[in-house]
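**Q** Need a 3D model of the following:
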Amino acid sequence: MGSFQQHLLVLTAMSFAVAIAPAFSVLGWEERYLPDPSVCWAEINKADGCVLHLYASLFENKMNMGFDCCEAIRGLDYKCKNWMFNHGRFTPEFGNRVKRFCATLGVTLPPSYRIYYPQTPGHGGLGH
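**A** Sure, this is the predicted structure:
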């Protein structure tokens, strides 16, 4: 094997090692892609009574939230929105209802709600 081939082999091995390093980082999938739930709830709690109204809307099957609550939901980062409406009691379908209701109050939630199972037809976003 010539010197050039050896150098090429070493360079290729090093490139591969650098490329896969993030996959073996200390942080697990959960830490990288899921938010700290306490941070998400703290953002929602900034709107007085928002958590109560979200749960009441869910259990009573009737949307009843104020403008401030919709604003708080809009202000959540992507990870929080994904966590809130894909885990636990808040389903993607409930997220769609929240988006439609908030739109009636003049709060347009971003179309980036593709967090709701974008690979599944019919769940591309809130309010589609």
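
**Q** Report the separation between E71 and D48.
**A** E71 sits at a distance of 12 Å from D48 (criterion: Cβ to Cβ, to the nearest Å). Every C-beta, even on glycine, is put in place using the N, C-alpha and C of the backbone.

**Q** tell me the mean pLDDT over stretch 3-12?
**A** Stretch 3-12 carries an average pLDDT of 63.

**Q** and E71 and D48? which has more neighbours close in?
**A** Applying other Cβ atoms under 10 Å to E71 and D48 shows that E71 carries more neighbours, namely 17 against 12.

**Q** residues near L76, how many?
**A** The criterion is other Cβ under 10 Å. On that basis, L76 has 19 neighbouring residues.

**Q** Ok, F59 next?
**A** F59 is surrounded by 9 other residues when neighbours are defined as other Cβ under 10 Å.

**Q** and what of N82?
**A** Each residue near N82 was counted by other Cβ under 10 Å, and the total is 20.

**Q** Where does it sit, in terms of helix or strand?
**A** N82 belongs to helix 78-86 when elements are defined using DSSP states H and E.

**Q** and that helix, what other elements does it pack with?
**A** helix 37-45, helix 92-104 (3 or more Cβ pairs under 8 Å, 6 or more residues apart in numbering; DSSP states H and E).

**Q** and the last one with helix 78-86, angle?
**A** Same thing as helix 92-104. An angle of 110 degrees separates the directions of helix 92-104 and helix 78-86 when computed by axes from the mean of the first three to the mean of the last three Cα atoms, to 10 degrees.

**Q** Counting by contacts, list what helix 92-104 packs against.
**A** helix 50-60, helix 67-75, helix 78-86.

**Q** got the contact list for the longest one?
**A** Contact with helix 50-60 is made by 41, 44-45, 63-66, 68-69, 72-73, 89-90, 94, 97-98, 101, as judged by Cβ atoms under 8 Å, 6 or more residues apart in numbering.

**Q** Buried only: go through the residues you listed for me.
**A** When burial is judged by neighbour count using 16 or more other Cβ atoms under 10 Å, the buried members of the contacts of helix 50-60 are 44, 63, 65-66, 68-69, 72-73, 90, 94, 97-98, 101.

**Q** Least confident of those residues?
**A** pLDDT across those is at its lowest for F90, which sits at 87.
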